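A.B. asks: Build me a structure from this.
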Amino acid sequence: MSAIADVARLAGVAKATASRALSGRGYVSEETRQKVIAAAREIGYVASPNAASLVTGRTKSIGVIIPFISRWFFSEVLESMEQALLDEGYDMTLYNLPAPSPERERVFDYFLARKRFDGVISVGVALSNEEVNLLHRLGRPLVGIGGPIRGVHTIAIDDVACARLATNHLLSLGHTDIVHIGGSKEDEMDFQVHSNRLTGFFAAMRDAGLPSKDSGSFYPCEFTTPGGYKVGQAVFGDPRTRPTAVFAASDEIAIGLIVAARELGIQVPADLSVIGIDGHPYADMFRLTTIEQHPRRQGRLAVLSLLAELESPTHGTEADHLTVLPTNLAIRSSTSGPRPSHGG
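C.D. replies: Alright, predicted model coming up:
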């Protein structure tokens, strides 16, 4: 097996210089760095991560805990984090974290505690005080995405404000008969995403002087396109009770609603306006008006925040804050003013 000494000999530099050039730690001129890299490639030298960690104290590996892998938002965050970590020379180990259970305890007690990670990123998981304390005792920097976690820098959007913005868009177009179709409290996500988006809807309706908290203004739904389609078939089926506009808690729900409306012969937006939240890639194809939350930006910022914490540890003091990222309204052709009534 080739050794660092072989690389140094071929590149015509000292062994310490070759080590600095390949590790990126310490100054080496760009010309020398390229000579060392070329020599390493020529003889097939690969630096041992274990040996490097003895020198630097780093494993160049980050643990990521996440509740879902297949859902769009989480997959977008993961892809962004993986690319950002690769760009910085880091590896990523993923743990699909279940709800509180013996399996979840094993993830913390064994994998995160015993395996060597430089830090941990929690995506969409509300960690308990015991879980946070364990990671802090281990000296593992921690960054979260989704909502506030004690003693941790976390990154999120304001779900209440997003829901208000979406509802206010429909109100500004002249709609008053508006319903919200979103996640149920029984299937609540961590950080109360479902409840917060429902709260924002109610607040916007209340500020407009319109009734809201009644049985006909909110319909629970799975956070999926099939879920939106199923509820849409039921809600839109009777023209006497059909709303003129819907605020859907996610773009996937909204797309399901649009498909259901089309099958029922309902024109979007002439008969029904639909708005969602996310910025899903399919939103443009369905001409869906939505509140874009940019999950890839969230993933990259989490990585940069964790790496900054590794370079300058704050030891759980300055790290204890929430960064609320901006969102934006993307208007397409799924929303318009309500159709004038025949009596008007």
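A.B. asks: show me where the stretch 101-250 of the chain has helices.
C.D. replies: With DSSP state H, counting those that start in this stretch, the ranges of helices along the stretch 101-250 of the chain come out as 102-106, 113-114, 129-137, 159-172, 193-207, 225-235.
A.B. asks: what's stretch 71-91 in contact with?
C.D. replies: With CB atoms under 8 Å, 6 or more residues apart in numbering as the test, stretch 71-91 has contacts from 24, 60-62, 64, 66-69, 92, 94, 118, 121, 123-124, 145, 223, 252, 278, 280, 293, 295-300, 302-304, 307. All C-beta spots, glycine's among them, are computed from the backbone N, C-alpha and C.
A.B. asks: Those, buried ones only, as a PyMOL selection?
C.D. replies: For the buried members of the contacts of stretch 71-91, the matching PyMOL selection, counting by 16 or more other CB atoms under 10 Å, is:
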select buried, resi 60+61+62+64+66+67+68+92+118+121+123+124+145+223+252+278+280+293+295+296+297+298+299+300+302+303+307
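A.B. asks: Tell me which entries of the contacts of stretch 71-91 lie within helices.
C.D. replies: Among the contacts of stretch 71-91, the subset assigned to helices under DSSP state H consists of 252, 295-300, 302-304, 307.
A.B. asks: Going by distance to residue 272, which of the residues you listed wins?
C.D. replies: Closest approach to residue 272 among these (CB to CB): residue 252, at 17.6 Å.
A.B. asks: residue contacts, the closest one?
C.D. replies: Residues near residue 252 by CB under 8 Å, 6+ apart: 72, 223-225, 227-228, 276, 278, 280.
A.B. asks: let's go with 10 Å and repeat that
C.D. replies: Contacts for residue 252 (CB atoms under 10 Å, 6 or more residues apart in numbering) come out as 71-73, 222-229, 276, 278, 280, 282-283.
A.B. asks: Kindly report the same for residue 180.
C.D. replies: If you count contacts by CB under 10 Å, 6+ apart, then residue 180 has 163, 166-167, 197-198, 200-202, 204-205, 212, 217-221, 243, 246-249 around it.
A.B. asks: Next: residue 39.
C.D. replies: Contact analysis of residue 39 by CB under 10 Å, 6+ apart lists 2, 6-13, 18, 21-22, 45.
A.B. asks: show me where pLDDT drops low in this protein?
C.D. replies: For the chain, the stretches flagged by pLDDT under 70 are 1-2, 24-26, 46-58, 212-216, 314-320, 341-344.
A.B. asks: can you give me the strands in it?
C.D. replies: All strands of the chain, identified by DSSP state E, fall at 61-66, 91-96, 119-123, 142-145, 153-156, 178-182, 218-220, 245-248, 273-278, 289-292, 322-324, 328-330.
A.B. asks: count of neighbours near the closest residue to residue 138 other than its chain neighbours?
C.D. replies: Leaving aside its sequence neighbours, residue 138 sits nearest to residue 113 (CB to CB, 6 or more residues apart in numbering; 6.2 Å). When neighbours are counted by other CB atoms under 10 Å, residue 113 registers 15.
A.B. asks: got a list of what residue 113 touches?
C.D. replies: By CB under 10 Å, 6+ apart, residue 113 lies in contact with 106-107, 134-135, 137-138, 140.
A.B. asks: Likewise for residue 299?
C.D. replies: Taking CB under 10 Å, 6+ apart as the criterion, residue 299 is in contact with 64, 74, 76-85, 121, 123, 145, 155.
A.B. asks: which of those has the most neighbours?
C.D. replies: Tallying neighbours with other CB under 10 Å puts residue 145 at the head of the contacts of residue 299, with 29 neighbours.
A.B. asks: With distance to residue 334 as extra columns, can I get the helices of the stretch 101-250 of the chain in CSV?
C.D. replies: Formatted as CSV, those follow (distance: least, CB to CB, whole Å):
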stretch, distance to residue 334
helix 102-106, 39
helix 113-114, 48
helix 129-137, 41
helix 159-172, 11
helix 193-207, 17
helix 225-235, 13
